[in-house]
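Asks: the sequence and its predicted three-dimensional model are supplied below.
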Amino acid sequence: MSPEDFDRLQSLMASRAGFRLTRDRMKLAEHRLGPLARREGYETVDALLASLWAKPVATLGWAVIEALLNPETWFRRDRATFDTFAGELLPALSAARGGAPVKVWSAGCSTGQEAWSLAIGAMDGGFPVEIVGTDLSQRALEKARAGAYTGFEIQRGLKAGTMLTWFDQAEDNWIAKPQMRAAVHFARANLLDPPADEHRFDVIFCRHVLGDMEPARRTQALDNLERRLVDDGCLFLGRDEALEGDSIAFRAVAGRKGLYVKTAAALRRAA
């Protein structure tokens, strides 16, 4: 891959998805685009990119972006976060909602492990929930919707008892049980797009996503998240992620790493 091709990839990622592709990731980018090039019938990554630059096609452009996104995820990643969600937030929110389902958004859900982990926490405690998982990657969403994971994937974060309770074995895969599947819905969404309706969530998980975004785009995404969150709702970022002035809409909760609520300024703006 030439430096010129990489520069154009950087521009494509930033403009369409808001993600920052740094120069030290050139070799990684070429590695990730290799399978896509073969799948699309090109002999090399260079040939794939030459075709894209010569005749920009939306579907191919998004396929390139999807291939470059970081798909890393696992069940109950940062376990303390899920303990806070299931043990503290869900009981309080369920009581405040009069027993109505607590609405949760897993934003940037990748292959779905986070969304299923949230469902497990809710159902273990007997709390009704409606969970929406969204991502830019159609291929990741296909796996998330299938709810099927290998033995390695299922055991990466889940204890054997939890695995047996909430997943059925089917040959070499473990598949989410119907009662879980009824609570979780997956859809494609871009965090840069403003809300198209008035639907809002009680809890939003957007972990290990914003750190890879361009600063201006990160602020844009945070504004969109704030508009989707109810006034007394909570936002979870990664435990080591910090807003650091990216948004005046959220403030950190003391003693709960990665947990944020709306600021007074955001509440006044919404009033």
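Replies: On my side now, so go ahead. Numbering: from 1, shown residues only.
Asks: in which helix or strand would I find the closest residue to Phe167 other than its chain neighbours?
Replies: Nearest residue to Phe167 in three dimensions, chain neighbours excluded: Trp174, at 4.0 Å (C-beta to C-beta, 6 or more residues apart in numbering). Placement of C-beta: from N, CA and C, glycine included. Per DSSP states H and E: Trp174 is located in strand 173-176.
Asks: which residues are in contact with the next helix-or-strand element following that strand?
Replies: Following the chain from strand 173-176 toward its C-terminal end, the next helix or strand by DSSP H and E is helix 178-181. With contact meaning C-beta atoms under 8 Å, 6 or more residues apart in numbering, helix 178-181 is reached by 116, 119-120, 123, 147, 166.
Asks: which residue sits closest to Ala96, ignoring its sequence neighbours?
Replies: Asp232 (7.2 Å).
Asks: per-residue pLDDT of the one you found, please?
Replies: Model confidence at Asp232, given as pLDDT, is 91.
Asks: what's the burial count for it?
Replies: 12 (other C-beta atoms under 10 Å).
Asks: again with Asp202
Replies: For Asp202, using other C-beta under 10 Å, the count is 23.
Asks: for it, give me its contacts.
Replies: Taking C-beta under 8 Å, 6+ apart as the test, what Asp202 contacts is 93, 97, 102-104, 230, 233-234.
Asks: so what's Cys234 bridging to?
Replies: For Cys234, the beta-bridge partners are Val203, Val261 (DSSP bridges).
Asks: now swap in Thr134 and tell me
Replies: Beta-bridge partners of Thr134, as defined by DSSP bridges: Ala107, Ala187.
Asks: tell me how far it lies from Ser106.
Replies: According to C-beta to C-beta, to the nearest Å, Thr134 stands 7 Å off from Ser106.
Asks: next one: Arg207
Replies: In terms of C-beta to C-beta, Arg207 sits 9 Å off from Ser106.
Asks: ok, Thr134 and Ser106, which is more surrounded?
Replies: Shown here are Thr134 and Ser106; by other C-beta under 10 Å, Ser106 has more neighbours (30 against 20).
Asks: rewinding a little: could you list the buried residues of the helix or strand containing the residue nearest to Ala96?
Replies: Element membership for Asp232 (DSSP H and E) is strand 229-236. Within strand 229-236, the residues that count as buried by 16 or more other C-beta atoms under 10 Å are 229-230, 233-236.
Asks: strands of the protein, start to end?
Replies: 102-107, 129-135, 148-150, 167-170, 173-176, 184-188, 201-205, 229-236, 250-252, 259-262 (DSSP state E).
Asks: in a markdown table: those, plus distance to Thr219.
Replies: Below are those laid out as a markdown table (distance: least, C-beta to C-beta, whole Å):
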| stretch | distance to Thr219 |
| --- | --- |
| strand 102-107 | 15 |
| strand 129-135 | 19 |
| strand 148-150 | 35 |
| strand 167-170 | 39 |
| strand 173-176 | 35 |
| strand 184-188 | 23 |
| strand 201-205 | 16 |
| strand 229-236 | 14 |
| strand 250-252 | 11 |
| strand 259-262 | 14 |
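Asks: sheet partners, orientation included, of the strand holding Trp174?
Replies: strand 148-150 (antiparallel), strand 167-170 (antiparallel).
Asks: and the ones you listed, which is most packed in?
Replies: strand 148-150 (a mean of 18; mean count of other C-beta atoms under 10 Å).
Asks: just how off-centre is it within its chain?
Replies: With C-alpha atoms, centre = their mean, to the nearest Å as the basis, strand 148-150 stands 18 Å off its chain's centre.
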